[in-house]
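A.B. asks: Next comes the sequence, and after it the predicted model I'd like to discuss.
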Amino acid sequence: MTKVEEDLHCWVPTSRTRPPYQDGPLSGHSIAVKDMVAIAGHTSSYGLATWRSTHSPSAATAPVLERLLDAGAAIAGLSKLDELAYSLEGNTGEGEAPLNPRYPDRFTGGSSSGSASAVAGGAADIGLGTDTAGSIRVPSAACGLFGLRPTHGMLDTAGVLPLAPSFDTVGFLCADPGLLTRSFAIAAGGGDERPRTEISRIRFPEDCLSMVSEEAARAIRMTVGTLSEVLGCAVDTSLAFADFVSETAASVFANLVDREIWQTHGAWVREHRDAFHPLIAGRLQHAEEVSRVSEAEKRADEQARADYRERLNSIVADGAAVVLPIMPHLPPSRHADDQELESYRLTTFFLTAPAGLSGCPQLVVPSRGRAFGVGILAGHYADAALLDAAVRYTDSGSA
């Protein structure tokens, strides 16, 4: 391990490197692999030493990682993550929290904290992670990186530990959007025969800026202007943020996610409650409680998700993309207390809910100077159009 890697605190204690399977389009590049993606012969930590000690090594490597190794990429290391990938802060994994090279006095965001730290710090070129409620997008925004939560179901999640399966995605974060584009295409297998979508209109609900700091608001406005210029399309400000981002939507999202988490992991959690950070333990308690509601309440939440998905699909129809904040301000201080961290998480959860509830892809681009990450959400299977926008955005000199 190099001095840089030691300072980043980005790798799990059982981290290992792996060479590529062969030469290919990713030769010369390395991957930070979130330690919940299966590697043959390795026991994943899932952010907890207790998980590692109670599970067996993986029999096979996850197909999404195998595709990257087949394409010539090497594994730089196995990266830390928040416990059960159930956090947006980046502060609850094993040992010391990964360093945010962009803001060393602040957290990286979670739960793909180690992958973001490794890429932002130059220990890896590609961050392979997961996103259920923001775990790619938030650390990308916090560390000045490009990050993609793909259309739900676009990438194979076999061999990736589940959190809430109907929301889980595999995702990528990189400093270079061109490399992000190539990595995603290889991971997706290049078999998508759908007609290519182009972004033809930017929708920007200006009232969303009421949830962010003044500095973040200025950065988001500048990013909207640049995207409009490089994509050659108009900005529509008629959309009301409250039409699709609300306490009701966030509550439905949280209830659905938490029920799936408890269904997936409840039995193991009951046996190992003492293993968790207090913040995670509290969320797991809520997950247990919302799993006990009536079947009628569960059906109502599922119907609300279906209605929301239909409504958001109409917002991003005909090539429209929606620009939104990812975080309300800079990532929280490493000295923040639990109350500050929970406040940050709840506001951020509000902002990341639309992609999770709808299954739509969302790309994070860093603002000029990489101070703030800005989200661009588009319709299902518009992933390639979003990535093309990121490359053109960078070519304009804006990131």
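C.D. replies: Received, thanks. Please read these numbers as outputs of a predicted model, since none were measured by experiment. Numbering: from 1, shown residues only.
A.B. asks: And the helices in this protein, which stretches?
C.D. replies: 3-8, 49-53, 63-70, 113-120, 137-143, 177-188, 214-231, 247-271, 278-290, 295-315, 338-358, 383-395 (DSSP state H).
A.B. asks: Can you tell me which of those is nearest to Q22?
C.D. replies: Checking these against Q22 by C-beta to C-beta gives helix 63-70 as the closest, at 6.6 Å. Just so you know, the C-beta spots here come from the backbone N, C-alpha and C atoms, and that holds for glycine as well.
A.B. asks: could you dump the closest one to PDB, C-alpha only?
C.D. replies: What follows is helix 63-70 as a C-alpha-only set of coordinates in PDB (Å, rounded to 0.1, in the frame of the first residue of the first chain):
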ATOM      1  CA  PRO A  63     -20.500 -10.600 -13.700                       C
ATOM      2  CA  VAL A  64     -20.400  -6.800 -13.800                       C
ATOM      3  CA  LEU A  65     -16.900  -6.800 -12.400                       C
ATOM      4  CA  GLU A  66     -15.800  -9.700 -14.600                       C
ATOM      5  CA  ARG A  67     -16.700  -7.600 -17.700                       C
ATOM      6  CA  LEU A  68     -14.400  -4.800 -16.500                       C
ATOM      7  CA  LEU A  69     -11.600  -7.200 -15.800                       C
ATOM      8  CA  ASP A  70     -12.200  -8.800 -19.300                       C
END
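A.B. asks: Pull out the buried positions in it.
C.D. replies: Of the residues in helix 63-70, P63, V64, L65, E66, R67, L68, L69 count as buried by neighbour count, 16 or more other C-beta atoms under 10 Å.
A.B. asks: Include distance to Y86 and pLDDT when you put those into JSON lines, please.
C.D. replies: Below are the buried residues of helix 63-70 laid out as JSON lines (distance: C-beta to C-beta, whole Å; pLDDT from 0 to 100):
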{"residue": "P63", "distance to Y86": "24", "pLDDT": "98"}
{"residue": "V64", "distance to Y86": "21", "pLDDT": "98"}
{"residue": "L65", "distance to Y86": "22", "pLDDT": "98"}
{"residue": "E66", "distance to Y86": "26", "pLDDT": "98"}
{"residue": "R67", "distance to Y86": "27", "pLDDT": "98"}
{"residue": "L68", "distance to Y86": "25", "pLDDT": "98"}
{"residue": "L69", "distance to Y86": "28", "pLDDT": "98"}
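A.B. asks: Out of these, the closest to H29 would be?
C.D. replies: Proximity of the buried residues of helix 63-70 to H29 (C-beta to C-beta) peaks at L68, which lies at 8.9 Å.
A.B. asks: Relative to D168, how far out is the closest residue to D7 other than its chain neighbours?
C.D. replies: Using C-beta to C-beta, 6 or more residues apart in numbering and skipping the chain neighbours, the partner closest in space to D7 is L99 (6.4 Å). Computed as C-beta to C-beta, to the nearest Å, the L99 to D168 distance reads 27 Å.
A.B. asks: next one: D70
C.D. replies: Distance check for D70 against D168: by C-beta to C-beta, it reads 23 Å.
A.B. asks: cool, G90 as well?
C.D. replies: 18 Å.
A.B. asks: More neighbours: the two, which one.
C.D. replies: Using other C-beta atoms under 10 Å, the more surrounded residue of G90 and D168 is G90, with 32 against 24.
A.B. asks: Ramachandran coordinates for that one?
C.D. replies: G90 adopts backbone torsions of phi 90, psi 30, taken as degrees, to the nearest 10.
A.B. asks: Repeat that for the one 4 residues further on.
C.D. replies: Recorded main-chain torsions at E94 are phi -70, psi 140, according to degrees, to the nearest 10.
A.B. asks: List the contacts of it.
C.D. replies: Contacts for E94 (C-beta atoms under 8 Å, 6 or more residues apart in numbering) come out as V12, P13, S45, G47, L48, A49, K80.
A.B. asks: Quick check: which ranges of the stretch 151-300 of the chain have low pLDDT?
C.D. replies: Low-confidence segments of the stretch 151-300 of the chain, defined by pLDDT under 70, are located at 190-195.
A.B. asks: Which positions are bridged to P366 in the beta structure?
C.D. replies: With DSSP bridges as the criterion, P366 is bridged to G373.
A.B. asks: I figured it was touching A399, is that so?
C.D. replies: Yes - if you go by C-beta atoms under 8 Å, P366 and A399 touch, sitting 4.9 Å apart.
A.B. asks: Do a quick rundown of the strands in the stretch 1-150 of the chain.
C.D. replies: Along the stretch 1-150 of the chain, the segments classed as strands by DSSP state E, counting those that start in this stretch run 30-34, 74-79, 126-131, 146-149.
A.B. asks: deepest of those strands, which one?
C.D. replies: Highest mean neighbour count of those: strand 146-149, a mean of 32 (counted as mean count of other C-beta atoms under 10 Å).
A.B. asks: show me the contacts for the closest residue to L386 other than its chain neighbours.
C.D. replies: Using C-beta to C-beta, 6+ apart and skipping the chain neighbours, the partner closest in space to L386 is L363 (4.1 Å). Shown in contact with L363 (C-beta under 8 Å, 6+ apart): F146, G147, L148, R149, G375, I376, A378, L386, L387, A389, A390.
A.B. asks: cutoff 7 Å now
C.D. replies: Taking C-beta atoms under 7 Å, 6 or more residues apart in numbering, we find L363 in contact with L148, I376, L386, L387, A390.
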